[in-house]
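# Sequence plus the predicted model coming up.
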Amino acid sequence: TKPPLLVLGGSSQDRHSWARHEPHLLHHGDVLTADLPGYGTVDHLPARYGIDFLAATVRHLLDELDLPRVDLVGACFGGAIAVRVAQHYPQHLGRLLLVGMTDRVPDDYTACAHRWRRMMADGERHTVADELVTRFLAAPTDGTVRRQTAVARFLHRQFVGQNDDEVAKWSEHNLRLTSHEWFRPE
């Protein structure tokens, strides 16, 4: 029997963010999504808890669900967690797929993340949303993005529409992202 597919999303995603992809993933087997600490409806997680802690929560989740192995998909920040799960708990993995993952956080992103946290504290949510969309949506010269204007509008609206709890988690998440070792070649 195939191991279930566990999806770990990025910093502004929760367990429901992958629902529209579920029909395409189900032909691989059962699909699980989870809100790790600091995500979605789960309690706030201070930034002092890093990627090692989040990888350990994945192992704990698998133990609690009595799942000896999963195929693991990690997208963006979820990719960093997935790599650490593979490094520390390889016995729990069948296959690993990384989406939108890099082996380092660029210095310019670190500078932006700290500035964005200050701007969010000052109520500049729309300006931060504009910058995030520009940063994360491929430029028209980098290739074709179908319905790019609609995607940009959706991403902007999604970020601006976050409630205060989601903004606080996003802000703490960016601090975690920039203050812990992102990728460790183990």
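It's in.

# Could you pull out the strands in the protein for me?
Ranges of strands in the chain, per DSSP state E, are 5-8, 31-33, 70-75, 93-99.

# so for the first one, what's the average pLDDT?
So the one you mean is strand 5-8. The pLDDT scores in strand 5-8 average 93.

# Identify each buried residue in it, please.
Leu5, Leu6, Val7, Leu8 (16 or more other C-beta atoms under 10 Å). The way it works is simple: take the backbone N, C-alpha and C, and place the C-beta from them, glycine included.

# Give me the contacts around it.
18, 21, 25, 28-34, 36, 58, 62, 70-75, 78-79, 81-82 (C-beta atoms under 8 Å, 6 or more residues apart in numbering).

# can I get the strands of the chain in a markdown table with distance to Leu177?
A markdown table is the format used below for those (distance: least, C-beta to C-beta, whole Å):
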| stretch | distance to Leu177 |
| --- | --- |
| strand 5-8 | 14 |
| strand 31-33 | 20 |
| strand 70-75 | 14 |
| strand 93-99 | 16 |
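
# helices and strands of the protein: which one bottoms out on pLDDT?
helix 22-25 (a mean of 82; mean pLDDT, DSSP states H and E).

# Would you mind listing the buried residues in that helix?
Leu25.

# quick check, distance from it to the centre of its chain.
19 Å (C-alpha atoms, centre = their mean, to the nearest Å).

# Please apply the same query to stretch 63-79.
13 Å.

# what pairs with Val7 across the strands?
Thr33, Val73 (DSSP bridges).

# I'd like the distance between it and Gln162.
21 Å (C-beta to C-beta, to the nearest Å).

# now do Leu6
Relative to Gln162, and taking C-beta to C-beta, Leu6 is found at 25 Å.

# middle-most residue in the chain, spatially?
Centroid-nearest residue in the chain, with C-alpha atoms, centre = their mean: Gly10, separated by 1.2 Å.

# where's the closest residue to that one other than its chain neighbours relative to Leu8, distance?
The shortest distance from Gly10 to any non-neighbouring residue, by C-beta to C-beta, 6 or more residues apart in numbering, is to Cys76 (3.1 Å). Using C-beta to C-beta, Cys76 is found at 9 Å from Leu8.

# what does Leu36 give?
Distance from Leu36 to Leu8, by C-beta to C-beta: 7 Å.

# Run through who's touching the least confident helix or strand of the chain.
By C-beta under 8 Å, 6+ apart, the surrounding residues in contact with helix 22-25 are Leu5, Val7, Trp18, Val31.

# switch to 6 Å and redo it
Outside of helix 22-25, the residues within contact range by C-beta atoms under 6 Å, 6 or more residues apart in numbering are Leu5, Val31.
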